[in-house]
Every structure is written in C-alpha cells, then in structure tokens.
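Visitor: generate coordinates for the sequence data below:
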Amino acid sequence: MVCKKCGAEEIFRRETFVCPICEKLKILPKDLAMKVVTKQIDWFNQAFYRLLRTFNRKSFVVWLFGEREKIAHSFFSEKPFINLNDFLAVNVLIKRVMKDAEDNGEQNANEKNTKELISLFSTFVEVQERKHLIDEGYGCYVFKEEFDINNLDINNLDVNKLMGNFVLYYTYEWQDIVKSFGNNLIFPEPEGKKYLEKYKEEYEKIQANPPKPEHYSTEETMSHLFPLLQTFLVSLNKNKLFAETFDITYLKESGLSLPKILDLVKSFKGHSGMMNLSSEKDFKAIIKKVFAGHREGIILRNLLFSKENQSIFPFFAKIDNNILTSTKFITLMSLYYFPIYYKSEFDSEIAKRGNDFEKKEVPDKLNELGFSTHSPITDKKKSTLEIDCLAWKDGILYVIECKIWDIKKLFEHRNIHQYRIRDLQGVVDGKSYSMKNGVQVEKDKPSLSDKIVFIKENLQKYCPDYKLIKEIKGLIITKSYPPMKEYKGIRMIAYDELPSLI
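Guide: Sure, this is the predicted structure:
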C-alpha cells in the first residue's frame, strides 16, 4: 500500500496503516534494529534463567505437563482454539526445565505461577519472532526516544528503556501472509477469538449433538480432515523456531506408526484433561505390549524424554522412576503427525484439491459473479498448451491460469515467497522449475502470453459472445494471497479477491 500524499510505502500496526514519512516515524535501520532485538532476547534469557533457578524443577515439569494437557483437552472439549505461542512456550519450557532438573530452587510450582511463567515465556517467544520478522524484512522497529546502542547494557538498564522504547511495525507484504494464514484458520489471537465468537452457536450445536464415530480409511480421513490437518502442519512449522521445536519426523524414520502411537495412548488410564503418572515398570510393560515385535530400546529412545535423552520431542517425560503422560495432548499431536506419516496420501489430496480448484471452485465462483466461462481448453495441435479457464463479462475476456499453491511449511520465511514469485513469473514467461539432486532444473512450457495469442486467434471457437469482446487479458488466480500483484501486464489475485474483477 502506497501513501497517496508522498508515494512512500506504508507500514501497519494493529490493522492501522500509516505513512512513515508523513507521520515522521523514527525507523531503525535493519542492522541496528537487529542489535536492539538481540539485546532484548538476551535480557529475557538471563531474567528467565534467574527466575527458573528459584523453582523446584521437578515439580515445575509436572505442572507444565498438566497445563499442556489442559490446552489439548480444551481444544477437543471446549473450544477448537490454541494460542500458538503458549503452545510453543509450554513445550520449550518442558525441555528447558528438564535440562537442569537437578538444579533445584526452593519454590514449588503451582497452577497460578505455572500459568504466569508460560505467559511470560510466550512473551519471550514473541520477541524472538520479532527478530525473525525484522531479519526477513517483514517488520521494522520504530523508536520513541533517541538512544545510544552502546548504552543499552542489559545488566544495568531500566527494562523500559530496552523494551518500551521500541515498537514493531509490519510491512505491507506481511498483511497478505496474515490473510493467507487466516484463510486456513491460523489467526492472531484477537482475530481468533472473534472467529470463535462468530461461530459460537454452530460449535455449541455440534458439541450438544456430536456426530457418531465412523471408521474411515486413511484416504477418507485425509479428505474429511484435510483443512484441520493442513492447519496443524503449517502452523507448527510456520517459522524455524516452531519447525525445530515440533520436529517429529524421526518418528516415521524410526518406523513408529501413527496407529501404534494412538494404541499406546489408549493403554493409559486417567481422567481427561489431567496429566497422568505411571511407574517406569508399568510404562515399559505397556510399550512391550503395544509395540510387540519392536525393539524396546528403539521405542523408548524415540518416545521417552529424559535428562539423558533430550534430542527428541517430549511426548512422555521421565522424572526419577515415574513417567509423565498427557494422553489428550498426544491425541492432538496425532493430527499433526497424520500428514507427516501419510505423506503420499496427503500429497495426493493436495493434487486432488488443486484439480478441483482449477476445474470447479474458480469457474463456479466466476459464474456466481456473473461471468460466462469455458474450461478447460487444449490445443489439439500442441497438447502442452492447456488453458484452465476463460471468463468474460462486460466486453473483457480473461485467459486464466489457476494455481492452488497454498500455504506451506516455513510460510513466514521470505525465501518461500521468492520461490512463489519465481513460479508466478514462470507462468507468464513459460518456465517451470523443479529441484533435482539439490540443483534447480528449468524447463520451457507454453507461456500465458502464448495462450492469450492462441485465444485471440481462435476467439470465435471458444467464446460464443466473441463479437462483444473488446479486450483480452491474462489473469492468474491463486488459492492463497500471491506475493506479487502484476508481472508484464498480467494481474495476479487470490481466490478471495475475485469480486474485485467486477
């Protein structure tokens, strides 16, 4: 978005766009902003470590497992909403506290101070994400009062001078990323609460009369739950911080199937929404029974987090001779593991939805908006020349390419969108790209410009209203919001933006 007065690119905060030039905002250069946010992270790190040292670590881990289980229970039984930063924070904290579980303070954890620490650490996560956004060029720091970076000593500094003097603003590009997330039910917390409130009655009706459980095949489950599965997969991999925390690919590499993990969860008795405790002996007996035929050591090494085994995700945790278990949480994580374990089926569902997007969703929406359509079109003389859709109205005919190219892992990283820009430009220029042995391979294909020429030469054949057509344009429609709006005169819009064509 460009300022109408001076032409400068606007930035935004809390959905309000401002011109940094006209408003005379003091924006830090990127290198200086990175130094400031690094100092903020260092301050949080030191302050949080000092605070942790006052707690009895073992009791803290137990309460963290309990709070994590409550988050999962709430998702299934109360409202389908998760605060992602809290969700990340509680899992990072479990690993961090377990690392020095023997370094005990005198203060015992309880429900109140555990929630407070999770909230505090969640704020720390937000500061870490600020650094990521600034580094990726999606955010910038605006400062209120002049300062000297060399005087920002984190050991002897009023915290307000370090934290309160700097405000994060977002670039216009970030808005489209947020909107694409929103289309997949991944919202900033205020918008998430608004969405839940909007559909509150509908959700309460489902809770009051839940559907009867049915047995579905893997493919049927993938189809029915695809939006939810994709939401979990993308949200828990939205940036490197999340992807590293929730990396459970080693489960599949070790042969731990999703059905077996769910069988394991069913083997533990306990109250829903409460953390369970079992002896090491009972835990190993259950492992031996559920994973009969597997080597017990391999199973334990991939599932049981302990001070000696910290490279894995903390599904279960060993404290002395007891095993902490959170069954609802593991059930929740199974939704995340599903598309990882059944990757080929997940990819097939994406391909199917991409086909439906081209052949049904887009034409149906255009018809709804009053356009006449014709799809698909193939040149019999040149089979590689395929046109997804023609749409015309009020004398303008669009030659359309549809690309589902939806949100994916690490969607908050700029290089993902640079690849999307490359591919969008490739549609116009007649290039397709793939990777082979780590090397980019480029292939020629009919360009959108070629397709426009083809339609101009065969307009009467494909458009019954050809006499009314005054202008023919190219158009690319994507499922999520495209990272560029135009290239060589070709407009690019998201599916949700189709009404703007009227």
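Visitor: just give the nearest non-adjacent residue to residue 258, would you?
Guide: The shortest distance from residue 258 to any non-neighbouring residue, by C-beta to C-beta, 6 or more residues apart in numbering, is to residue 341 (4.6 Å). The way it works is simple: take the backbone N, C-alpha and C, and place the C-beta from them, glycine included.
Visitor: and the helix or strand where residue 59 lies, what does it pack onto?
Guide: Secondary structure from DSSP states H and E places residue 59 in helix 57-77. Here helix 57-77 touches helix 84-99, helix 111-136, strand 316-319, strand 322-325, helix 327-341, going by 3 or more C-beta pairs under 8 Å, 6 or more residues apart in numbering; DSSP states H and E.
Visitor: and the helix or strand that the longest one is followed by, what does it pack onto?
Guide: Moving toward the C-terminus from helix 111-136, the first helix or strand encountered (DSSP H and E) is strand 139-143. On a contact count with 3+ C-beta pairs under 8 Å, 6+ apart, strand 139-143 meets helix 30-52, helix 111-136, strand 166-171.
Visitor: related to what we said a few turns ago, is it possible to get JSON lines of the helices and strands packed on helix 57-77 that adds distance to residue 183, mean neighbour count and mean pLDDT?
Guide: Formatted as JSON lines, the helices and strands packed on helix 57-77 follow (distance: least, C-beta to C-beta, whole Å; neighbours: other C-beta atoms under 10 Å; pLDDT from 0 to 100):
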{"stretch": "helix 84-99", "distance to residue 183": "16", "mean neighbour count": "20", "mean pLDDT": "93"}
{"stretch": "helix 111-136", "distance to residue 183": "20", "mean neighbour count": "17", "mean pLDDT": "94"}
{"stretch": "strand 316-319", "distance to residue 183": "35", "mean neighbour count": "22", "mean pLDDT": "93"}
{"stretch": "strand 322-325", "distance to residue 183": "36", "mean neighbour count": "22", "mean pLDDT": "93"}
{"stretch": "helix 327-341", "distance to residue 183": "18", "mean neighbour count": "20", "mean pLDDT": "95"}
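Visitor: distance to residue 46 for those - can I get that in JSON lines?
Guide: Formatted as JSON lines, the helices and strands packed on helix 57-77 follow (distance: least, C-beta to C-beta, whole Å):
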{"stretch": "helix 84-99", "distance to residue 46": "14"}
{"stretch": "helix 111-136", "distance to residue 46": "11"}
{"stretch": "strand 316-319", "distance to residue 46": "26"}
{"stretch": "strand 322-325", "distance to residue 46": "28"}
{"stretch": "helix 327-341", "distance to residue 46": "30"}
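Visitor: residue 470: which of these is closest?
Guide: helix 111-136 (43.0 Å; C-beta to C-beta).
Visitor: quick revisit: right, and the helices and strands packed on helix 57-77 - which one's nearest residue 147?
Guide: Residue 147 sits nearest to helix 111-136 of all the helices and strands packed on helix 57-77, at 16.7 Å, using C-beta to C-beta.
Visitor: so what does that closest one touch, helix or strand wise?
Guide: Packing partners of helix 111-136 (3+ C-beta pairs under 8 Å, 6+ apart): helix 30-52, helix 57-77, helix 84-99, strand 139-143, strand 166-171, helix 240-245.
Visitor: any chance of JSON lines for the helices and strands packed on strand 139-143, columns distance to residue 332?
Guide: Output for the helices and strands packed on strand 139-143, formatted as JSON lines (distance: least, C-beta to C-beta, whole Å):
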{"stretch": "helix 30-52", "distance to residue 332": "26"}
{"stretch": "helix 111-136", "distance to residue 332": "17"}
{"stretch": "strand 166-171", "distance to residue 332": "30"}
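Visitor: out of these, which gets nearest to residue 433?
Guide: Nearest to residue 433 among the helices and strands packed on strand 139-143 is helix 111-136; the distance by C-beta to C-beta comes to 21.8 Å.
Visitor: now the closest one against helix 84-99, angle please.
Guide: In terms of direction (axes from the mean of the first three to the mean of the last three C-alpha atoms, to 10 degrees), helix 111-136 departs from helix 84-99 by 110 degrees.
Visitor: what stretches of the stretch 51-200 of the chain score poorly on pLDDT?
Guide: Scanning the stretch 51-200 of the chain for pLDDT under 70 picks out 100-103, 154-158.
Visitor: ditto for the stretch 401-502 of the chain
Guide: In the stretch 401-502 of the chain, no residues with pLDDT under 70.
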